[in-house]
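[1] make a model of this:
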Amino acid sequence: MDISLPVAFVVGLLSTVHCVGMCGGVMGALSFALPPATRDRPAQLAGFLLAYNVGRILSYALAGALAGGLGLTVVQSSGSVGAANALRAAAGVLMVLAGFHLAGWLPAVARLERLGAPLWRLLEPYARRLVPVHTPSRAVLYGAVWGWLPCGLVYAMLGVAAGQAGIAAGAATMAAFGLGTLPTLVATGLFAGRLHRLGRGPLLQRIGGAAVALVGLATLVYVLYGNVPAGSPVATGSWR
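    Prediction:
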């Protein structure tokens, strides 16, 4: 049984504190940037917040597809199922390191986020051009740009997506992760960013980070038992 999608979703849920701390301010700012008539109507506000996050999750899925394609290329080049397991094991290690970083125990991992800085510098001006956001479609576009904001945890999950060794599987993994973060970020937007301060609490950060690290360890244990998804290109040999 392939547990990558449940794992990705659970990591998204466990990253609640990190998401509130990193993106809570963004959601609050986006909420305040909406017209007062929209902010005062909870149903309309929730619709815009969902639109922002739909765009973000679509970008995650696109990045996951790219990572899964890269992983597939590695497996095809090696001609070995062991290469896929090695990718998945590396993803587990990345997840453990990301958990330690979220907990504040390994600040050096923050350097990982610098990898995405050049791309973000290219994309961020497009986000500014979309403000003010007056329509749900514009909110989706803004969210699609926001999805490329540098984030160490997202990069760790892209490692998991690469380990799926498939374009569709990589996209599904990142979409599942994004869906796991959805409740927290929508709630943060509804409360106009007030949860952002909660996300800065060191105790909650440590609990959330430790939980993510434990999921990473569980992923490593799973990989060590050599479980490859039965229907994946790796197991079926359809990539040959």
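
[2] quickly find the element holding the residue located most distally from the centre of the chain.
    Distance from the centre of the chain peaks at residue 37, with 31.4 Å (C-alpha atoms, centre = their mean). Per DSSP states H and E: residue 37 is located in helix 36-39.

[3] gap between the following helix or strand past that helix and the chain center?
    Where DSSP H and E defines the elements, the next helix or strand beyond helix 36-39 is helix 42-78. Helix 42-78 sits 8 Å away from the centroid of its parent chain (C-alpha atoms, centre = their mean, to the nearest Å).

[4] what are the buried residues along helix 42-78?
    45, 48-72, 74-75 (16 or more other C-beta atoms under 10 Å). Every C-beta, even on glycine, is put in place using the N, C-alpha and C of the backbone.

[5] can you list contacts of the helix holding residue 37?
    With C-beta atoms under 8 Å, 6 or more residues apart in numbering as the test, helix 36-39 has contacts from 31, 32, 44, 45, 48, 192.

[6] one more time with 7 Å, if that's ok
    The set of residues external to helix 36-39 that reach it, using C-beta atoms under 7 Å, 6 or more residues apart in numbering, is 31, 44, 45, 48.

[7] just the helices in this protein please.
    For the chain, the helices defined by DSSP state H occupy 4-14, 16-33, 36-39, 42-78, 81-103, 117-129, 136-146, 152-163, 167-190, 195-198, 202-224, 233-236.

[8] counting contacts, what elements does the longest one pack onto?
    By that I understand helix 42-78. Applying 3 or more C-beta pairs under 7 Å, 6 or more residues apart in numbering; DSSP states H and E, we find helix 42-78 packed against helix 36-39, helix 81-103, helix 136-146, helix 152-163, helix 167-190.

[9] residue 212: which of those is closest?
    Residue 212 sits nearest to helix 81-103 of all the helices and strands packed on helix 42-78, at 3.6 Å, using C-beta to C-beta.

[10] give me the helices and strands touching the closest one, please.
    Here helix 81-103 touches helix 42-78, helix 152-163, helix 202-224, going by 3+ C-beta pairs under 7 Å, 6+ apart.

[11] make JSON lines from those helices and add distance to residue 104 and mean pLDDT to it.
    As requested, these are exported to JSON lines (distance: least, C-beta to C-beta, whole Å; pLDDT from 0 to 100):
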{"stretch": "helix 42-78", "distance to residue 104": "25", "mean pLDDT": "92"}
{"stretch": "helix 152-163", "distance to residue 104": "13", "mean pLDDT": "85"}
{"stretch": "helix 202-224", "distance to residue 104": "6", "mean pLDDT": "79"}
